[in-house]
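**Student:** Predicted structure and sequence below. I'll ask about it afterward.
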Amino acid sequence: MNLINRYSFLIALAFVAVISACTKEYASISEEDDTNIQAYISANNLSMQKFDTTGAYYSVVSEGKGPDLDYTQQLPLIYTVKSLDGKYTSQDTFVNHYAGRFGYYTPDVLRETIKANLKKEGGTIRVLVPSRKAYGRNGSGQIPGNASLDYTVKVLEKAKLAEYEDAVIQNYLSKNSLTGFSKSADNIWYKITEPGAGSKTIEPDSTITFNYTGRLLNGTVFETNEGVSTVLSGYIPSWQKAVPLIKEGGSIRFIAPSSFSYGLAGSPASSVGQVSIPAFAPLDFEVKVTKVGR
């Protein structure tokens, strides 16, 4: 071998050695995900199974006692989620609701893990989703990039949704020391703080002027306004049920289930900066009627 060829051979050999060293030094994203998930399972003393070849791990927390799940339908879900490294967490079960078609629920591997392993309404499942099957290197919103996620998802019994919401409202009243409330036949909890002295009764076709505040049951004010004037029938059903209980000059506070508010689907924010109404969310309103017209 002449000097030039020998020199070229040595360079090539060194290049191969560098490439080999780099290959050994860096694990693939799937290997990193699995290492992180295994360490998380061990550190938290979890008992979980691997779902197929997806890299996700799951544990059925509660089988559920309701009807068989029909995953082609709209399903009311409550969930919590956090990253394995603790940098992101979303545990607000007043806000973390989903009630669309289950086929649109994401991340995809979370949906498929639930579908394959949770069979009854009312059941709860915990799923660890690897970063590559969650939101990848770019993340999403407040979820950082390369974050594997820990989800706990409960599928409510649709036939018992009203019962569930009533329990949520009662817990809200108790937790916030809200006393003196009565419950209507429609499961609307209300308290008349000032009955009003006006002679005009409020009817669905009444034009009323009012001040109001609307809250989610986590305390978030989603809307507040003063001097609004409108026909009562243009407002959501809970208003049409509760506001006629007072007269001009009166004030009432009422907590209404979603069936008399924004329903199973909730309502998106109407403009930037406003708060959206979560799916199947009971709402807390305070209303003062300052004028009643026709």
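**Tutor:** Okay, I see it. Numbering: from 1, shown residues only.

**Student:** Compute the first-to-last residue distance for stretch 106-125.
**Tutor:** For stretch 106-125, the first and last residues are 15 Å from each other (CA to CA, to the nearest Å).

**Student:** How about residues contacting that stretch?
**Tutor:** 51-52, 54-56, 58-69, 71, 75, 102-103, 105, 127, 129-130, 133-135, 149, 151-158, 160 (CB atoms under 8 Å, 6 or more residues apart in numbering). Bear in mind the C-beta positions are built from the backbone N, C-alpha and C, glycine included.

**Student:** repeat that with 6 Å
**Tutor:** Stretch 106-125 is contacted from outside by 51, 54, 56, 58, 60-67, 69, 71, 105, 127, 129, 133-134, 151, 153-155, 157, using CB atoms under 6 Å, 6 or more residues apart in numbering.

**Student:** just the strands in the chain please.
**Tutor:** Secondary structure of the chain (DSSP state E): strands located at 49-50, 57-62, 77-83, 89-90, 97-98, 124-129, 149-155, 182-183, 189-194, 207-216, 221-231, 251-256, 283-293.

**Student:** So what touches the third one?
**Tutor:** When you say that, I think you mean strand 77-83. So strand 77-83 is contacted by 89-91, 93, 96-98, 147, 149-155 (CB under 6 Å, 6+ apart).

**Student:** go again using 8 Å as the cut-off
**Tutor:** In this structure, residues lying in contact with strand 77-83 by CB under 8 Å, 6+ apart are 88-91, 93, 96-99, 105, 143-144, 147-156.

**Student:** circling back to that earlier point, out of the contacts of stretch 106-125, which end up buried?
**Tutor:** Of all the contacts of stretch 106-125 considered here, the ones buried according to neighbour count by 16 or more other CB atoms under 10 Å are 51, 54, 56, 58, 60, 64, 69, 71, 105, 127, 129, 133-134, 151, 153-155, 157.

**Student:** coming back round to it: and the contacts of strand 77-83, which are buried?
**Tutor:** 88, 90, 93, 96-99, 105, 143-144, 147-156.

**Student:** how about the nearest residue to the spatially most central residue of the chain, chain neighbours excluded?
**Tutor:** By CA atoms, centre = their mean, the chain has its centre lying nearest to Asn96, at 1.3 Å. Spatial nearest neighbour of Asn96, excluding adjacent residues (CB to CB, 6 or more residues apart in numbering): Tyr79 at 5.0 Å.

**Student:** Fine by me, thanks again.
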